[in-house]
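J.: A structural model of the following input is requested.
(one chain, ligands or ions: 2)
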Amino acid sequence: MPDPIESPPLEGVVADQRIRHLTRRSFVTGGVAALAGLGAWRWLGSATPEDGVPWPLRRLLGLNQSLVEGIGMPRGLAPTFSAESIRGASRINGLVGLSHEVDGSSWQLTVQHENRGIVQSIPLRDVQALPRLELVTEFKCVEGWSEVMQFSGIRFLDFVTHFRLATRSGRTPDPAGNAQDLFHYVYLATPDEAYYVGLDIASALHPQTLLSDTINGVPLSRAHGAPLRLYLAVKYGFKSLKRVGLVRFTDARPADYWAGRGYDWYAGL
Ligand SMILES: Nc1nc2c(c(=O)[nH]1)N[C@H]1C(S)=C(S)[C@@H](COP(=O)(O)O)O[C@H]1N2
Ligand SMILES: [Mo]
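T.: Residues are numbered from 1 along each chain as shown. Ligands and ions are numbered 1, 2, ... in the order given. Below is the predicted model of the structure:
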């Protein structure tokens with residue numbers, strides 16, 4: 001799949017255009033199904049309709065379309081599972097940047113935008129006040145194991161929308177209306193930057209990308225990334241940064257801990 005900046009080979013472009021044409025309808029349908037799977041209908045029902053469609057759904061449809069047309073290729077949605085598919089204790093892998101316990105009650109996210117002096121500090125509790133969702137998907141480690149797990153938390157998309165992040169103008173991000181205003185990438189790291197990931201903005205704003213504070217219904221342990229971690233259903237596990245401390249929006253493709261050690265930077269499923 002092409003990066004937003006590196007151009008794909010010509011045959012790829014032609015094929016992409018055909019795929020765009022063929023998949024728009026099924027992709028939109030998938031988005032609606034995912035919302036149902038995520039138990040968002042009650043929230044949808046309480047929202048004011050726009051063009052006869054409740055607005056969160058309209059926004060999701062718009063986002064899907066802009067992923068298709070502008071800021072990146074669609075990833076589709078990762079399959080979701082019933083809660084019965086979750087088995088017992090969840091596996092732990094990788095402890096870089098997690099050597100000590102931290103105090104979740106005073107946790108803050110440091111947020112930066114390239115070429116902007118202002119550094120924002122966003123308290124964890126303000127993030128946790130946003131609407132929540134639960135996602136049961138298959139977590140896949142590139143080393144060859146996978147496990148059905150439930151993550152719950154806040155969509156990264158809702159986080160950037162609420163706090164007006166990820167845009168050059170400082171306005172509310174609108175992937176459907178003005179994708180050019182979005183930075184191309186986001187870099188996220190532990191506070192000490194011992195572990196770090198780089199994401200293209202389309203993957204970061206994917207509806208199954210979460211800032212999560214629980215796994216399988218239990219608050220995150222230190223080893224799982226307390227007090228707040230990233231979870232991307234459409235990427236290999238090494239992109240799901242545990243213990244998010246720093247978030248930086250940028251146009252230069254960010255460094256990535258495991259990509260720097262030989263794995264694919266994109267790591268999409
Ligand atoms: N801070 C931090 N995040 C990390 C890692 C790490 O070593 N440090 N390892 C990654 C890898 S390789 C995987 S597979 C997942 C594992 O997440 P889990 O331990 O919650 O199963 O976390 C990812 N995020
Ligand atoms: Mo991994």
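J.: all contacts plus neighbour counts: C-alpha atoms, from now on.
T.: Fine.
J.: what strands line up against the helix or strand hosting Gly198, and which way round?
T.: Under the assignment given by DSSP states H and E, the secondary-structure element containing Gly198 is strand 196-200. Neighbouring strands of strand 196-200 in its sheet, by DSSP bridges, are strand 185-189 (antiparallel).
J.: let me know whether the strand it pairs with sits next to ligand 1.
T.: No. Contact between strand 185-189 and ligand 1, assessed by CA under 6 Å from any ligand atom, is absent, since the two come no nearer than 7.4 Å.
J.: taking the mean pLDDT, what do you get for that strand?
T.: The pLDDT scores in strand 185-189 average 98.
J.: mind listing what's buried along the strand holding Gly198?
T.: Judged by neighbour count (16 or more other CA atoms under 10 Å), strand 196-200 contains these buried residues: Tyr196, Val197, Gly198, Leu199, Asp200.
J.: reformat those as TSV; add pLDDT and distance to Pro207.
T.: Formatted as TSV, the entries for these read as follows, by pLDDT from 0 to 100; distance: CA to CA, whole Å:
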residue	pLDDT	distance to Pro207
Tyr196	98	21
Val197	98	19
Gly198	98	18
Leu199	98	14
Asp200	96	14
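J.: nearest to Arg87 among those residues?
T.: Val197 (27.8 Å; CA to CA).
J.: what sits against that closest one?
T.: Tyr187, Leu188, Ala189, Lys239, Ser240, Leu241, Pro254, Ala255, Asp256, Tyr257 (CA atoms under 8 Å, 6 or more residues apart in numbering).
J.: at 10 Å what do you get?
T.: Contact analysis of Val197 by CA atoms under 10 Å, 6 or more residues apart in numbering lists 186-190, 230, 238-242, 247, 254-259, 265.
J.: in PyMOL, how would I select just the buried ones from the residues you listed?
T.: The buried subset of the contacts of Val197, as determined by 16+ other CA under 10 Å, is captured in PyMOL by this line:
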select buried, resi 186+187+188+189+190+230+238+239+240+241+242+247+254+256+257+258+259+265
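J.: the contacts of Val197 also near ligand 2: which ones?
T.: Taking CA under 5 Å from the ion as the test, ligand 2 is in contact with Phe238 out of the contacts of Val197.
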